[in-house]
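Undergrad: okay, sequence plus prediction incoming.
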Amino acid sequence: MTVPENIKQEILELRRQIEYHNRLYHTHNAPGIPDSDYDSLIARLEALERKYDFFTADSPTQRVGAKPLNKFDQVTHEVAMLSLDKVSDQQYLIDFEVRIKKRLNDQRQIEYSCEPKVDGVAVGLLYRDGILERAATRGDGITGEDITHNVRTIKNVPLRIDVLPKGTLIEVRGEVFLSKKGFAQVNERAEREGTKIFVNPRNTAAGAIRQLDSRNTAKIPLQMYCYSVGFVQEIVLPDNLSEVFDKLAGWGLPVNSEQSTERGIAECMHYCDQLLEKRNTLEYEIDGAVIKVNDFNAQKKLGQNSKSPRWAMAYKFPAEERSTRVLDVEFQVGRTGTITPVARLEPVFVGGVTVSNTTLHNMDEIDRLGLCIGDTVIVRRAGDVIPKVVQVINPQQNNKRKPIKMPKACPACGSFIEKDGQVLFRCSAGITCPAQRKESIKHFASRAAMDIEGLGEKLVEILVDQNLIDSAADIYELNEEQLLNLERMGPKSADNLIKAIDKSKGTSLQRFLFALGIREVGEATAAALANHFGDLPSIQDASQDEFGKISDIGPIVALHIHTFFANIQNRALIVKLQHAGIRWPKVKVSDSDQLLKGLTYVLTGTLKGMSRDEAKFRLQSHGASVAGSVSSNTDVVVAGPGAGSKLKKAQELGIKVINEGEFLTLVDTLSS
């Protein structure tokens, strides 16, 4: 359709006005017009674009999300997108400057650019002729993922930079994050809609930026701060980073106002100390400061190693701690009956999340802390680590302390509690205990077990409480009519859940064994059982001694497995599950299937050819152990795009690293 020139000019002017007001609101926090006027501009632009079929990628109307993708395309960075070395002791910053001066052979005072280390996701924006052409994740530093469709939904990222003429090309790098206010809004909406509550802003941002459907990303109010440039063509930039920040801000790109230029490492340390003091007043989460040599010529002389530049350092703040009060201690019953004390706290914001409860692990830990109900305590949290009570403050000044005692009966069913070993207490009722029953069903439906999408923990609670299910087998008796009677369960959700339940019937023996929730039987042990015996009847009829002969299965675990299959109720549950239609392919048992036995693998990054769970299953089916973190015991790391700290640690330890292509060749060869 030919667009009349006056209409085309109106569309372009509307886009210019909307982007201008976006920058005022999202970058400068200074709205220039009322929301109603802004909404009118958007409505007019949408109407004209739709009427004249005049859509372009740089239009602000494209921020609402586009058609979902099937997968992420891979992107090769023109300039390597390296991560930074990290230190948590200021002495290392002094050493950092000593090394710099030695390499530069210059003892004069060095100028640095300092900025907050925003807790988010590193992203590169490529502008061609002033138009946002591509956005990509860091990935492994060389190859990342194309997330352009998602970044276009971020309101403070300009889709167009008018001052950049044709023929120009520039990659601007920065951190995508979710503010504290945005995080609170997202969780308020999740609570209203009865969906899963997000853990912290960083994880929420990381999940949102990697959505195949950008309409989901658009629901999360992400922001971005730019912190450097990569590849540049036909653009003359200043010779230092501080002036580049000014240039980027002048173009309308978001730059952190907390950025500062300091002379000498002592001033940088003072900057870090001041930043730590104001950390909790900032609108976003930070976990440290970034210090970079300001002069680009000096940066070039200093160069880089294979992992990080020699001219920059990330200074990590210590684990965040806050004081709060213990309101009560409740005792929770786990899947296998373990009784665990959980502290209910006055809500406190620490390490990026609001903490209102935390595990106390066992009575020995309570005794070690000298903890009582009513105490004021220090709660510590760093990164994604579970919050922990680390200290009781001035217990002698509190005359209202209430001792914590292990209950004599199970808090869920009233059954006798028995001591198990040195520190654990356990409910004796087994699956007749409602708490154990709920937890066992949650485990059965979980991703690593039967992987029933949509059957989350809250829904399991509701289904058990309303007597719709009493065991894992009852899941397969559910129908759409029953689900539609539940609050907040619409026809589409009910239909999706029924389909997911039906899909889960086709599984593997390894997953099924893990889903049964046998005490001390994790994914690796389930794989070892499946690979050793090959079929379920052989496992059910095996003796304790036969289980004990399997590598990595000790006498205690062998006893737990034998006890489980000797139990009549457990056998009856298995029969019901098989009658419901659960099936799996026969497992071939031979020595060649165990060629990876004794090797420990770690998976990191994104795999295009298969899911992470499938990759783990393929490795375990050939005898390998799959760990969640890299250590000196790791033999091989499989690294796909997006690999981060695990890949870095593997390289530091000299552990063998293979890419996805090498991994697929390996497992295909072993399976042939």
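TA: It's in.
Undergrad: chain neighbours aside, what residue packs nearest to H149?
TA: In this structure, H149 finds its nearest non-sequential neighbour in S214, 4.3 Å apart by C-beta to C-beta, 6 or more residues apart in numbering. C-beta here means a position set from N, CA and C on the backbone, and glycine is covered the same way.
Undergrad: again, but for A527
TA: Spatial nearest neighbour of A527, excluding adjacent residues (C-beta to C-beta, 6+ apart): Q620 at 3.5 Å.
Undergrad: in this structure the one you found contacts E523, no?
TA: Yes: Q620 lies in contact with E523 (C-beta atoms under 8 Å); the separation is 6.7 Å.
Undergrad: between these two, which is the more surrounded one?
TA: Q620 (23 against 19; other C-beta atoms under 10 Å).
Undergrad: quick one: low-confidence ranges for the stretch 251-400 of the chain?
TA: Counting by pLDDT under 70, the ranges of the stretch 251-400 of the chain that qualify are 306, 352, 382-385.
Undergrad: all helices of it, in order?
TA: Under the criterion DSSP state H, counting those that start in this stretch, the stretch 251-400 of the chain contains helices at 265-278, 296-302, 363-369.
Undergrad: winner for burial among those?
TA: Ranked by mean neighbour count under mean count of other C-beta atoms under 10 Å, the helices of the stretch 251-400 of the chain are led by helix 265-278, which reaches a mean of 17.
Undergrad: select, out of the helices of the stretch 251-400 of the chain, the one closest to M313.
TA: Each of the helices of the stretch 251-400 of the chain has some distance to M313 by C-beta to C-beta; the shortest is helix 265-278, at 9.1 Å.
Undergrad: secondary structure class for the residue minimising distance to the centre of the chain?
TA: For the chain, the residue nearest the mean C-alpha position is N203 (4.2 Å; C-alpha atoms, centre = their mean). Three-state call for N203 (DSSP: H, G, I helix; E, B strand; the rest coil): helix.
Undergrad: now for the closest residue in space to R381 that isn't next to it in sequence, how many residues are close by?
TA: Using C-beta to C-beta, 6+ apart and skipping the chain neighbours, the partner closest in space to R381 is G351 (3.2 Å). By other C-beta under 10 Å, the residues close to G351 number 21.
Undergrad: buried residues of stretch 370-377, list them for me.
TA: L371, C372, I373, D375, T376, V377 (16 or more other C-beta atoms under 10 Å).
Undergrad: I figured the first one was touching P341, is that so?
TA: No: taking contacts as C-beta under 8 Å, L371 lies outside contact range of P341: 9.2 Å.
Undergrad: re earlier: and the residue nearest to A527, what are its phi and psi?
TA: Backbone torsions for Q620, taken as degrees, to the nearest 10, come to phi -70, psi -30.
Undergrad: residues contacting it?
TA: Q510, E523, A524, A527, A528, N531, V626 (C-beta atoms under 8 Å, 6 or more residues apart in numbering).
Undergrad: looking at those, which is nearest K646?
TA: For the contacts of Q620, the nearest to K646 is V626 (12.6 Å; C-beta to C-beta).
Undergrad: which residue packs closest to the closest one, ignoring adjacent ones?
TA: Nearest one to V626, counting by C-beta to C-beta, 6+ apart, is K616 at 4.7 Å.
Undergrad: that neighbour - how many residues pack around it?
TA: By other C-beta under 10 Å, 21 other residues sit near K616.
Undergrad: rewinding a little: got any residues that touch both of Q620 and E523?
TA: Taking C-beta under 8 Å, 6+ apart as the contact rule, Q620 and E523 both touch Q510, V626.
Undergrad: and the contacts of stretch 265-281?
TA: Against stretch 265-281 from outside (C-beta under 8 Å, 6+ apart): 90, 93-94, 96-97, 110, 112, 114, 116, 258, 260, 262, 286, 288-289, 291, 315, 317, 320, 349.
Undergrad: mind doing that once more with 7 Å?
TA: With C-beta atoms under 7 Å, 6 or more residues apart in numbering as the test, stretch 265-281 has contacts from 90, 93-94, 97, 112, 114, 116, 260, 262, 286, 289, 291, 315, 317.
Undergrad: in stretch 107-126, what counts as buried?
TA: Across stretch 107-126, burial judged by 16+ other C-beta under 10 Å covers 110-126.
Undergrad: could you point out the longest strand of this structure?
TA: strand 320-333 (DSSP state E).
Undergrad: contacts for that one, please.
TA: So strand 320-333 is in contact with 339-346, 348, 350-351, 360, 371, 373-382, 393, 404, 407, 410-412, 427, 433, 435-436, going by C-beta under 7 Å, 6+ apart.
Undergrad: again, 6 Å this time
TA: 339-346, 348, 350-351, 373, 375-381, 404, 407, 411-412, 427, 435-436 (C-beta atoms under 6 Å, 6 or more residues apart in numbering).
Undergrad: give me the subset of those that lies in strands.
TA: Among the contacts of strand 320-333, the ones falling in strands (DSSP E) are 339-346, 348, 350, 376-381, 427.
Undergrad: follow-up on the earlier one: which of the contacts of stretch 265-281 fall in strands?
TA: Y112, C114, P116, S260, E262, I286, A289, I291, Y315.
Undergrad: excluding its backbone neighbours, what's nearest the second one?
TA: Nearest non-adjacent residue to C114, counting by C-beta to C-beta, 6+ apart: Y271, 4.7 Å away.
Undergrad: look at the spatially closest residue to F296 that is not a sequence neighbour and report its pLDDT.
TA: Distances taken as C-beta to C-beta, 6+ apart put D239 closest to F296, at 5.3 Å, once the chain neighbours are dropped. D239 is assigned 95 on the pLDDT scale.
Undergrad: tabulate the helices of the stretch 251-400 of the chain (TSV), appending distance to G174.
TA: Below are the helices of the stretch 251-400 of the chain laid out as TSV (distance: least, C-beta to C-beta, whole Å):
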stretch	distance to G174
helix 265-278	18
helix 296-302	18
helix 363-369	42
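Undergrad: for F54, find the nearest of the ones you listed.
TA: F54 sits nearest to helix 296-302 of all the helices of the stretch 251-400 of the chain, at 41.2 Å, using C-beta to C-beta.
Undergrad: and the closest one, how far from the chain's centre?
TA: 35 Å (C-alpha atoms, centre = their mean, to the nearest Å).
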